[in-house]
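**Student:** Whatever this is, show me its structure:
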Amino acid sequence: MSDLQIHLPNNWKARPYQQKLWKALRGGTKRAVAIWHRRAGKDEIGLHFIAVASHTPGKIGTYWHMLPEARQARRAIWDAVNSHTGKRRIDEAFPLELREVTRENEMFIKFKNGSTYQVVGSDNYDSLIGAGVLGIVYSEWALSKPGSWSFLRPILLENDGWALFISTPRGRNHCAQMYEDGLVDPEWYAEKLTVDDTGLFTEEQLARELMETQRELGEKPGSAMYNQEYMCDFDAPQIGSVYAELMADLEKDDRFTEVKWVPNKPVFCGYDLGRSDSTSIWFFQVGPGAVYFIDFYESSGEDVDHYAKVIHDKPYVYKDHYFPWDARVVSLAAKNSVLEQMSDLGVRGHIVKGHHEHDRIAAGRALLRRSYFDREACKDGLAALRDYHYTWDEDKHKLSDKAYHGWSSHAADAFGYAAMGYSELNPAPFKSSSAQLNRLPTMGEITRAHDRAVGNREQRIM
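**Tutor:** Have a look, this model is predicted:
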């Protein structure tokens, strides 16, 4: 068989409910978000559109299929088998006759026309080289790292590329916001399809699915899972979420706002460290009865001196830094520990005492109840706190007692270390007077304190 005998999409036709999205993509839509129920063929349409796009004259380049985590990608996409044909889905979408190179270990295909396809993870987006990327399918966008889109969007803009976001909901997070924004943006295609819209399942099948989900999770969690996965309900409670209820309470209380840094007050930092994984840093100040998170930073693949420079480049006066236990370990290709390296670079802090993960989460919950966050400066950290959750144990059919380790866990752990470190070294950390103990200061009071501090500092300089 020659290449000319292969017609793309290969042996595939969009189902009736898929045709609107398919026509939008084929018609030149550059941004699309599709919130479709489970088993509606989200990744299938993404695969076949990449096949067509990568073989369109004038569009030779790099194309990515992006999962929340690189470790998920092989099972979910690269090795996934079509149960109706027994063939791998990538082999159906990208026939071998079109390929020049297939690298299984890298989940990479180079086509004979020069285009490439690769399955990647949003958890290490900043390590991807994407100068020629022309198209990205974001699979399970609700679980993906939100910052990856901010990083990659300018590359697509420069290359006149496209992005397709496909997902089921996971609460009112960045995915819900993108869908709602897409509905009113004329340059976007936005669509939500529930089982009522597609008719893919019979009433009997859906009734059994609801019953079995409730049997596995319990009545209320099972209903929430069903509504999330099949009815695409953004308001369904996030199953296994660690902080979601508290975050919702903070949202109602307007605790995600503009938090001004007060120059004459010390700044504290909580860390989670990594190199191949992300390093996360929360910056906070403490006021009467409350904690104010003024900043957040996260990156991966960097050495200690990078993070020390980030810290010193900010205008803050630091009081203390709270590091996880592994900062004592000699690592990051150095001859001394991270704690020692940071100290040599002028960032001196403490190791948080040994504890169980449950203790760190409990400390994080206690701290959340007393916290304000700068909505803009901390937006990536807040997205992580919303996502952080316990994993589902397939063998035991229940939530695991260990929290998820993925893109959101680094920021969540750093928040927990901040909570434990500060409370450990400050036994009554939030108490300034008995009158203030039960009252959080208003944002007006914070602003006035900030303005007074700035004014005093300017007078001293003059």
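**Student:** all contacts plus neighbour counts: C-alpha atoms, from now on.
**Tutor:** Will do.
**Student:** Where does the prediction get shaky in the stretch 301-450 of the chain?
**Tutor:** Along the stretch 301-450 of the chain, the model assigns pLDDT under 70 to residues 330-335, 392-397, 426-450.
**Student:** pLDDT value on the residue nearest to the spatial centre of the chain, please?
**Tutor:** Against the mean C-alpha coordinate of the chain, by CA atoms, centre = their mean, the closest residue is residue 145 at 2.4 Å. With respect to pLDDT, residue 145 has a value of 86.
**Student:** Assign a three-state SS to it, would you?
**Tutor:** Under DSSP: H, G, I helix; E, B strand; the rest coil, the three-state class of residue 145 is coil.
**Student:** Now do the domain split for the chain, please.
**Tutor:** Domains of the chain are assigned by automatic domain parsing as 3-198, 203-239, 247-456.
**Student:** mind listing what's buried in the second one?
**Tutor:** The reference is to domain 203-239. Of all the residues in domain 203-239, those buried under the rule 16 or more other CA atoms under 10 Å are 210-211, 213-214, 217, 221-234, 236-239.
**Student:** ok, for residue 8, nearest residue in space, not its chain neighbours?
**Tutor:** Distance criterion CA to CA, 6 or more residues apart in numbering; nearest residue to residue 8, sequence neighbours excluded, is residue 52 at 5.8 Å.
**Student:** Now do the one you found against residue 219, distance only.
**Tutor:** 44 Å (CA to CA, to the nearest Å).
**Student:** just residue 271 next, same as before
**Tutor:** 38 Å.
**Student:** In the stretch 151-300 of the chain, what residue spans correspond to helices?
**Tutor:** Using DSSP state H, counting those that start in this stretch, the helices of the stretch 151-300 of the chain run over residues 174-184, 195-198, 203-217, 219-229, 244-252.
**Student:** May I see those helices arranged in TSV, with distance to residue 420 and mean pLDDT as well?
**Tutor:** Shown next, in TSV, are those (distance: least, CA to CA, whole Å; pLDDT from 0 to 100):
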stretch	distance to residue 420	mean pLDDT
helix 174-184	28	95
helix 195-198	45	98
helix 203-217	32	93
helix 219-229	30	91
helix 244-252	18	89
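**Student:** Turn these into CSV, columns for distance to residue 409.
**Tutor:** Converted to CSV, these look like this (distance: least, CA to CA, whole Å):
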stretch, distance to residue 409
helix 174-184, 17
helix 195-198, 32
helix 203-217, 23
helix 219-229, 22
helix 244-252, 14
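**Student:** Can you list the low-confidence ranges for the stretch 1-150 of the chain?
**Tutor:** Residue ranges of the stretch 1-150 of the chain with pLDDT under 70: 1-4, 126-127, 129-131.
**Student:** from the middle of its chain, how far away would stretch 42-57 be?
**Tutor:** Taking CA atoms, centre = their mean, to the nearest Å, the mean C-alpha location of stretch 42-57 is offset from the chain mean by 25 Å.
**Student:** Could you pull up the residues touching residue 108?
**Tutor:** Residue 108 sits next to 102, 116-119 when contact means CA atoms under 8 Å, 6 or more residues apart in numbering.
**Student:** Quick check: ChimeraX command selecting the buried ones in the residues you listed.
**Tutor:** Applying 16+ other CA under 10 Å to these leaves a buried subset, and the ChimeraX line that selects it is:
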select :102,116,117,118,119
